[in-house]
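K.L.:
I'll drop the sequence and a predicted model, then ask my questions.
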Amino acid sequence: MAALATGSAVIKPLFIQGPSPTARLVLAIVAALALLVIDHSYRHLDGLRASLSVLVHPLYAVAGVPDRLLQEAQGRLADEEALRRQTAELQRENLRLKARLQRLEALEAENRRLRDLLGSSFKLGERVLIAELLAVDLDPFRHQVMVDKGETAGVFVGQPVLDARAVMGQVVRVAPLSATVLLITDVEHSLPVQVLRNGLRAIAQGTGLPNRLELVHLPKNADIQVGDRLVTSGLGGRFPAGYPVARVVEVRDEPGRPFAIVLAEPLARLDRAREVLLVSPMSAGQRGATLADGAAQVSAEP
């Protein structure tokens, strides 16, 4: 027993117990306070702090990389969104400006057409009424248009219709507020004309094509050639003499046919005109008064 007791007295414990956690915390607090007091009073740790800051600086730089990348990404996204909004707004503004430009071009073209019509009405020396097209006959075998002036405006059946360049056709039906015009290219329309160069008379008949007239029953030895201008002859009582009609574009002699084949192109813009002139013949006194009024207006312009 004694030996056992003696042996147990010399055996060391396997785990040496140190200070308790509380003691360790107190010791750490005391050491920290001591370092603070020493650093504040004697500045002995400035060199150590500077050395440590140099060592820690790369860590700060690496730690700040994600934040900088995030800020740059947010800035780029914000810039791209602003650019997209600005681009969309510029595109909308561009469309609005293009629409306004088209409208201005249309108004400018309309003003030119109206000036041409007014100039033509002065040169005609006749009483004219300006009308605008309302509809076009969609039948490919009928060349007719409807205008916005009718019986209440003094329009009558057989009234000549012109644009700013030449004869377009004549009124065939009249309603109180509109009228139907048969174009000179319709197959049912015939117009007495004469060659401006030599006075040769002929009949210009519609062919059903929008840009062709045919001079019918002309002898093969008739004095007519490509480029001749055709004007109204005044025969038939519908169209006064001297209105431009067409220009000869083809003259040929086919064997076996008794007459020459003469084709002409209308001078009027039958497929593009928007405004037309409805012409009414005037007496000599009315014509003189109109010419005097026109001359007075021209002289009054700056």
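P.N.:
Cool, the structure landed.

K.L.:
CA only for contacts and neighbour counts going forward, please
P.N.:
OK.

K.L.:
could you pull out the strands for the stretch 151-300 of the chain?
P.N.:
Assigned by DSSP state E, counting those that start in this stretch, the strands in the stretch 151-300 of the chain fall at 160-162, 167-174, 179-183, 190-195, 201-206, 213-216, 229-232, 244-252, 261-266, 275-280.

K.L.:
Out of these, which is closest to Ile38?
P.N.:
Ile38 sits nearest to strand 275-280 of all those, at 103.8 Å, using CA to CA.

K.L.:
mind listing what that closest one pairs with, with the direction of each?
P.N.:
The strands beside strand 275-280 in its sheet (DSSP bridges) come out as strand 127-136 (antiparallel), strand 160-162 (antiparallel).

K.L.:
Report the inter-axis angle for it versus strand 167-174.
P.N.:
For strand 275-280 against strand 167-174, the angle by axes from the mean of the first three to the mean of the last three CA atoms, to 10 degrees is 70 degrees.

K.L.:
list the contacts for Thr207?
P.N.:
Residues in contact with Thr207 (CA atoms under 8 Å, 6 or more residues apart in numbering) are 185-187, 213-214.

K.L.:
switch to 6 Å and redo it
P.N.:
By CA atoms under 6 Å, 6 or more residues apart in numbering, the contact set of Thr207 is 185, 187, 213.

K.L.:
out of these, which is most surrounded?
P.N.:
Leu213 (30 neighbours; other CA atoms under 10 Å).

K.L.:
looking at it, that one is touching Pro266, isn't it?
P.N.:
No - look at Leu213 against Pro266 with CA atoms under 6 Å: they stay out of range, at 7.0 Å.

K.L.:
Tell me how many other residues crowd Leu36.
P.N.:
Using other CA under 10 Å, Leu36 has 13 other residues around it.

K.L.:
what's the helix or strand for it?
P.N.:
helix 21-42 (DSSP states H and E).

K.L.:
what's the offset of that helix from the middle of its chain?
P.N.:
Distance, stretch centre to chain centre, for helix 21-42: 83 Å (CA atoms, centre = their mean, to the nearest Å).

K.L.:
cool, and stretch 151-170?
P.N.:
Using CA atoms, centre = their mean, the offset of stretch 151-170 from its chain centre is 33 Å.

K.L.:
Pull out the buried positions in it.
P.N.:
155-170 (16 or more other CA atoms under 10 Å).

K.L.:
ends of that stretch, how far apart?
P.N.:
Across stretch 151-170, the terminal residues are separated by 15 Å (CA to CA, to the nearest Å).

K.L.:
for the record, mean pLDDT for it?
P.N.:
Stretch 151-170 carries an average pLDDT of 90.

K.L.:
follow-up on the earlier one: wait, which of the buried residues of stretch 151-170 is closest to Gln205?
P.N.:
Using CA to CA, the buried residues of stretch 151-170 come closest to Gln205 at Gly169, 11.5 Å.

K.L.:
which residues does the closest one form a beta bridge with?
P.N.:
In beta-bridge terms (that is, DSSP bridges), Gly169 pairs with Val161, Leu183.

K.L.:
so it touches Gly158, yeah?
P.N.:
No - taking CA under 6 Å as the definition, Gly169 is not a contact partner of Gly158, at 9.2 Å.

K.L.:
Can you tell me what sits against stretch 146-153?
P.N.:
131-135, 174-180.

K.L.:
Sort out which of those residues are buried, if you could.
P.N.:
The neighbour count (16+ other CA under 10 Å) marks 131, 133, 174, 178-180 as buried among the contacts of stretch 146-153.

K.L.:
Identify, from these, the entry nearest to Val37.
P.N.:
For the buried ones among the contacts of stretch 146-153, the residue nearest Val37 by CA to CA is Leu133; the value is 102.9 Å.

K.L.:
Report pLDDT for that closest one.
P.N.:
88.

K.L.:
Thank you, goodbye.
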